[in-house]
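Chemist: What shape does this take:
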Amino acid sequence: MKDTENIPICSDCLKFNTIFDRLENDDLEEISYEKGCNFYKRGDTVYHEGNRVTGIYCVNKGIIKLYKTGVDGKEQIIRFSKQGDIIGYRSILSGELACTTAKVVENAVLCFIPASQLLRLVKENSDFAMKIMQLSCKELGEANKFILDIAQKTVRERLAEILLLLEDTFDLDNDNILQISLTREEIANLVGTATESVIRLLSEFKSDKYIELHGRKIKILNKKALERIANAF
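Modeler: Below is the predicted model of the structure:
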């Protein structure tokens, strides 16, 4: 018999607004039994771009970055996934190879659900299928916005917007520090520019007292100023 003692229970993650909140208890129990669960350290790769994905991954703990690799080997971060999010589902639904690489940013616990389980739920549960479609459309909209930003905004504007996005995604702690720790290179790969440019602009933001820098930690001092720079409103 399968040992499920240390595997997170799906119903425990529903408070994080996952796509599984429309499922009945029987479906949740079946998923909990069929899935696997593993611990990943920062820097571990969950799956590689161009490889076949055999199921989806649910983030129980930690942060995952999804990125594409350019011809020069440079990463372009597409988005981050956190607790309650799923990754790898589009490759399952489209029958295509993975279009991104998933790598761990902060130590993570990921649950793996076989493709057969996901496809069964899509076919049998219209509410679940609608949630999957809405999630896919949301991510497509974000990708379209990113393309527009790259084309029309300066690097300074994009960096300010990324800092606001990180705050919106991961919130601030009691000291107004972003609750995600990224290297300067990772921030550059998210903005879509050279690391040197990000280092220079972060230093400028610090001098202007928009932010404080504490190693990889960034403290937001003047959100309104960042919004003005980003042309967010």
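
Chemist: chain center to the lowest-mean-pLDDT helix or strand in the chain: distance?
Modeler: One helix or strand of the chain scores below all others by mean pLDDT, DSSP states H and E: helix 25-34, with a mean of 83. Relative to the centre of its chain, helix 25-34 is centred 25 Å away, using C-alpha atoms, centre = their mean, to the nearest Å.

Chemist: What is it packed up against?
Modeler: On a contact count with 3 or more C-beta pairs under 8 Å, 6 or more residues apart in numbering; DSSP states H and E, helix 25-34 meets strand 101-114, helix 115-124. All C-beta atoms are positioned from the backbone trio N, CA, C, and that covers glycine.

Chemist: and the gap between the residue lying closest to H214 once chain neighbours are set aside and Y210?
Modeler: Leaving aside its chain neighbours, H214 sits nearest to I177 (7.3 Å; criterion: C-beta to C-beta, 6 or more residues apart in numbering). Separation of I177 from Y210 (C-beta to C-beta, to the nearest Å) stands at 14 Å.

Chemist: Give me the more crowded residue out of those two.
Modeler: Y210 (20 against 16; other C-beta atoms under 10 Å).

Chemist: For the chain, which segments count as helices?
Modeler: For the chain, helices defined by DSSP state H occupy the ranges 25-34, 89-94, 115-124, 126-152, 155-170, 184-191, 195-207, 223-230.

Chemist: and Q76, which of the ones you listed is closest to it?
Modeler: Among these, the nearest to Q76 by C-beta to C-beta is helix 184-191 (6.1 Å).

Chemist: mind checking how far A225 is from D208?
Modeler: As judged by C-beta to C-beta, A225 and D208 stand 7 Å apart.

Chemist: I should have written Q76 there, sorry.
Modeler: Note on Q76: its distance to D208, by C-beta to C-beta, is 27 Å.

Chemist: Neighbour count for these two, which is higher?
Modeler: Set Q76 next to D208 and count neighbours by other C-beta under 10 Å: Q76 wins out with 15 against 12.
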